[in-house]
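Visitor: Have a look; sequence and predicted model below, questions after that.
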Amino acid sequence: MKAMFLTALRQMELRDAPEPVIEKDTDVLLKIESAGVCGSDVHYFETGRIGSQVVEFPFVVGHECSASVVKTGSAVKRVKAGDQVVVEPSFACHDCDQCNIGREHTCRNVIFLGTPKQMGGCLCEYIVIPQGNCFPTYGEITLEQGALCEPLSIGIYSVQQSDFAKGSNIAILGSGPIGMCVLAASKEKEHGNIYITDKIDSRLSAAQKLGVDYIGNPDKVDIVGDINKAEPLGLDCVFECCGQQDALDQAMDILKPGGQLVIVGIPRTDLISFSADKFRRKEITIKYIRRQNHCVQKAIDFIKSGKIDIDFLITHRFELEQTQDAFELLTEYGDGVIKAMVNF
């Protein structure tokens, strides 16, 4: 089969690779149909690491994907050959203390698609995964929408974990794909005003089309001053979705006492910091989001409902052979890109 390998920093190469085979009777052989390029994939492309997860070249990245079932193990009942599926990229052991309390996303023995020293990614023609990680769509959503279910599930989980009350005023700092998915999920709740920021104007314009009360580019306007003027008592909840220290500082300035900061973005640095004075005096609650938990089916149902047309996230499409171009585009935030899809 063909696979796109990351061979060095900012270098990718299409190579032949052994086709995976079914080893367990609960395994499913999948043909990848559509894959989204995630910001974490771009971290590996640019820096070769995310925290302690360091790439050993060559390596295949990618974890957002939809696929068609080619073959199943003898004990598989969840799907059959020909089915279209959404792939849940996190493989839990279902036996540790975390799994036993329903926290499969923090499984002690988790294996994640496209993660160094765990498992190669989905930027290849075929993969083998457990049947429990295959979510059939019955053709009710498109293959590209299926690939969007992974980031959307994170948005749904983030809003679910925030548990902001009816009528809460919220901000989303960073309107890339994850921030947009948080916005989409937030629209399902009875929120108050929504404030959204980003350093890329085209992303702000896309967010505005979903219906928000404020958009602001922190490189061009005083977003803290603007938001505090509009909400003098402060905001109930802030979602930090860009992994930037500046955004964390801004969140502390616009949250009300007793407010909640939900950190969704992945920082490129090992350490982040907070003003102890503001943190303590406001008694801010912080929740850090680790991927998602039990939200893939919710994402499928969300898209299927048609309440929000999630297709707006896809701004660019590439073939497998053009994957390097997709990564370069995202690295430079070029041409108004939000989500780049690799279609097989």
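Guide: Right, received. Where do you want to start?
Visitor: what is residue 343 paired to in the beta sheet?
Guide: Note on residue 343: beta-bridge partners residue 34, residue 319, judged by DSSP bridges.
Visitor: Neighbours of it, how many?
Guide: Residues within reach of residue 343, counting by other CB atoms under 10 Å, total 15. Where C-beta positions appear, they are placed from N, C-alpha and C, glycine not excepted.
Visitor: Then residue 181?
Guide: Neighbour tally, residue 181, other CB under 10 Å: 30.
Visitor: Can you give me the pLDDT of it?
Guide: Looking at residue 181, its pLDDT stands at 97.
Visitor: My assumption is that it lies in a helix; please confirm.
Guide: Yes - if the criterion is DSSP: H, G, I helix; E, B strand; the rest coil, then residue 181 is within a helix.
Visitor: if I pick residue 51, what's in contact with it?
Guide: Residue 51 is in contact with residue 270, counting by CB atoms under 8 Å, 6 or more residues apart in numbering.
Visitor: how much space between it and residue 215?
Guide: 31 Å (CB to CB, to the nearest Å).
Visitor: likewise residue 172?
Guide: For residue 172, the distance to residue 215 - CB to CB - is 10 Å.
Visitor: if I look at those two, which residues touch both of them?
Guide: Among the neighbours of residue 172, those also in contact with residue 215 (CB under 8 Å, 6+ apart) are 196, 197, 207.
Visitor: who's more crowded, residue 172 and residue 215?
Guide: residue 172 (29 against 20).
Visitor: shouldn't residue 217 be in contact with residue 198?
Guide: Yes - Residue 217 is in contact with residue 198 according to CB atoms under 8 Å; the separation is 6.6 Å.
Visitor: can you list residues touching both of those two?
Guide: With CB under 8 Å, 6+ apart, residue 217 and residue 198 have common neighbours residue 204.
Visitor: buried residues in stretch 190-207?
Guide: Using 16 or more other CB atoms under 10 Å as the test for burial, stretch 190-207 gives 191, 193-200, 203-204, 206-207.
Visitor: first to last residue in it, what's the distance?
Guide: 18 Å (CA to CA, to the nearest Å).
Visitor: pLDDT of it, averaged?
Guide: On average, stretch 190-207 scores 96.
Visitor: just the shared contacts of residue 172 and residue 215 now: which is nearest residue 276?
Guide: residue 197 (24.1 Å; CB to CB).
Visitor: what residues are up against the closest one?
Guide: Residue 197 neighbours (CB under 8 Å, 6+ apart): 171-175, 204, 215-218, 223, 247, 250.
Visitor: how many neighbours does the closest residue to residue 78 other than its chain neighbours have?
Guide: In space, and not counting its chain neighbours, residue 78 is closest to residue 131: 4.5 Å by CB to CB, 6 or more residues apart in numbering. By the measure other CB under 10 Å, the count of residues near residue 131 is 19.
Visitor: Tell me who's in contact with residue 131.
Guide: Counted by CB under 8 Å, 6+ apart, residue 131 has contacts 26, 27, 28, 72, 73, 76, 77, 78, 79.
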